[in-house]
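Asker: Below: sequence and its predicted model.
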Amino acid sequence: MNNFIKRTLSGAFFIAIIIGSILLDAYVFAAIFAIITGWAVKEFYKLVNTQENVEVNSWLGVGGAVLLFLTSFLHAADVIRYPVFSFYGLYIVLTLIAELYFKKKNPIHNWAYLVLGQVFIALPFSLLNFIAFIDADQFKPLILLAVFVTIWVNDTGAYLFGITFGKHRLFERISPKKSWEGFFGGALAALASGYVFSLFIPEISLIQWLIFSEIIVVFGTFGDLIESLMKRTLQVKDSGTAIPGHGGLLDRFDSMLLAAPVIFIYLSFLF
């Protein structure tokens, strides 16, 4: 019971932070999600550094991730345009040079994992900025909120259908508990989410919202499986302990990591 209460309270607080930061103000969103981005990347580098001959400078990676997120925000919000990405380009160059002076055993591993953290985690978080400002540089918090709400609705539907009807394993080698019944249950629940958002944002048609929802279901599931594969490979249960009873931030945002880039591409055709 104590663990259930802890999970419930920490989960509710996490959701409140996400929703509040998105709805309050664009700059509040930027500040909160810059911290989340850096924290998630830090968890990733901490995990990969448990391997032999891998010694990524995690703080250097965190700095790059936050820089990419903030420069993306400034660009997407039309605060500063072209030159802003030059700073991140310079960061990449200096990161490659820095490894010359760290004198680590396997610099190739360090380069590879540092870049992987930027591409797999920092980039999807940064694309949230472009989703939020997808319509002529105007902050659209409900579209961004729809990404997270659809992920949560899908997860809830998949869990409920999975424990009730789940018999056929979805990807047993990586995630033994996931079932096809849960997957389709989550997909059905996500359609309901898409319908609700079509009532609040009519400039995106109902059919487009339904496609939006199913894109998140498919690629959110792949994101979840990829993070599960990573943790299974590294032989860890959770990415961290940031959210009591739920694991790390990377565990909570795994579905977003693949869903956000594909949703951004999809919305780019609509606006």
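Answerer: Everything's here; your move.
Asker: ok now stretch 190-197, how far from the chain's centre?
Answerer: Here the centre of stretch 190-197 is set off from its chain's centre by 20 Å, with C-alpha atoms, centre = their mean, to the nearest Å.
Asker: ditto for stretch 210-223
Answerer: 13 Å.
Asker: do stretch 79-92 as well
Answerer: 22 Å.
Asker: buried residues in it?
Answerer: Residues 84, 85, 88, 91 are the ones in stretch 79-92 that count as buried (16 or more other C-beta atoms under 10 Å). The way it works is simple: take the backbone N, C-alpha and C, and place the C-beta from them, glycine included.
Asker: Next: stretch 231-250.
Answerer: Judged by neighbour count using 16+ other C-beta under 10 Å, the buried positions of stretch 231-250 are 231, 239, 240, 242, 243, 246, 247, 248, 249, 250.
Asker: Dump the buried residues of stretch 79-92 to a markdown table, plus secondary structure, pLDDT and distance to residue 269.
Answerer: Formatted as a markdown table, these follow (DSSP: H, G, I helix; E, B strand; the rest coil; pLDDT from 0 to 100; distance: C-beta to C-beta, whole Å):
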| residue | secondary structure | pLDDT | distance to residue 269 |
| --- | --- | --- | --- |
| 84 | helix | 72 | 25 |
| 85 | helix | 80 | 23 |
| 88 | helix | 91 | 26 |
| 91 | helix | 92 | 31 |
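Asker: would you list every one of the strands in the stretch 51-200 of the chain?
Answerer: Ranges of strands within the stretch 51-200 of the chain are 169-171, 175-179, based on DSSP state E, counting those that start in this stretch.
Asker: Tell me which of these lies nearest to residue 73.
Answerer: strand 175-179 (33.0 Å; C-beta to C-beta).
Asker: Give the partner strands of the closest one in its sheet and their orientations.
Answerer: The pairing partners recorded for strand 175-179 under DSSP bridges are strand 169-171 (antiparallel).
Asker: Extract the C-alpha trace of the helix or strand encompassing residue 265 and format it as CSV.
Answerer: Following DSSP states H and E, one finds residue 265 within helix 254-270. Presented in CSV, the C-alpha positions along helix 254-270 are these (Å, rounded to 0.1, in the frame of the first residue of the first chain):
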residue,chain,number,x,y,z
ASP,A,254,10.8,6.5,-23.8
SER,A,255,7.6,6.5,-25.9
MET,A,256,8.1,10.1,-26.9
LEU,A,257,11.7,9.6,-28.2
LEU,A,258,10.5,8.1,-31.5
ALA,A,259,7.0,9.5,-31.5
ALA,A,260,8.0,13.2,-31.5
PRO,A,261,10.2,13.1,-34.6
VAL,A,262,7.6,11.3,-36.7
ILE,A,263,4.8,13.6,-35.3
PHE,A,264,6.8,16.6,-36.2
ILE,A,265,7.2,15.3,-39.8
TYR,A,266,3.5,14.5,-40.0
LEU,A,267,2.4,18.0,-38.7
SER,A,268,4.8,19.7,-41.1
PHE,A,269,2.6,18.4,-44.0
LEU,A,270,-0.5,19.8,-42.3
